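Participant: just coords:
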């Protein structure tokens, strides 16, 4: 299925506010990051809105719930997806949502438990 400019509404959960509406040429996933008005946000949840037209349901809009990403977020690109922290560390969870088990709040730089993977 080819995705062409999906209208996406960006909202925060607590407090529930709409930050804006944008058009994305990719399908946002929880854990991904988006930039909106110069700020970076982490996607927590995605919901679809459908509209019934011509006898079938069509994707009408995507709503993503986000939280602001930390200013000093260290990320690594692995297999086309961003993960938190240094991917070369043995303890890195290779996840978009959690850095590692031994130092989940980070940062990776200067961590006394850092080991080569």
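Facilitator: Received it, and whenever you're ready, just let me know what you need. Not measured: the values here are computed from a predicted model. Residues are numbered from 1 along each chain as shown.
Participant: Tell me what residue 75 is bridged to.
Facilitator: For residue 75, the beta-bridge partners are residue 84 (DSSP bridges).
Participant: Give me the below-cutoff pLDDT ranges for this protein.
Facilitator: For the chain, the stretches with pLDDT under 70 are 1-4, 71-72.
Participant: Dead centre of it: give me the residue that sits there.
Facilitator: Geometric centre of the chain, nearest residue: residue 32, 2.0 Å, by C-alpha atoms, centre = their mean.
Participant: what's the nearest residue to that residue if we skip its chain neighbours?
Facilitator: Nearest residue to residue 32, sequence neighbours excluded (C-beta to C-beta, 6 or more residues apart in numbering): residue 43, at 4.9 Å. The C-beta positions use only the backbone N, C-alpha and C, and glycine is treated the same way.
Participant: What residues does that neighbour make contact with?
Facilitator: Residues near residue 43 by C-beta atoms under 8 Å, 6 or more residues apart in numbering: 28, 29, 30, 31, 32, 33, 34, 64, 65, 66.
Participant: Out of these, the closest to residue 92 would be?
Facilitator: residue 31 (14.5 Å; C-beta to C-beta).
Participant: how about the closest one, secondary structure?
Facilitator: Applying DSSP: H, G, I helix; E, B strand; the rest coil to residue 31 yields a three-state assignment of coil.
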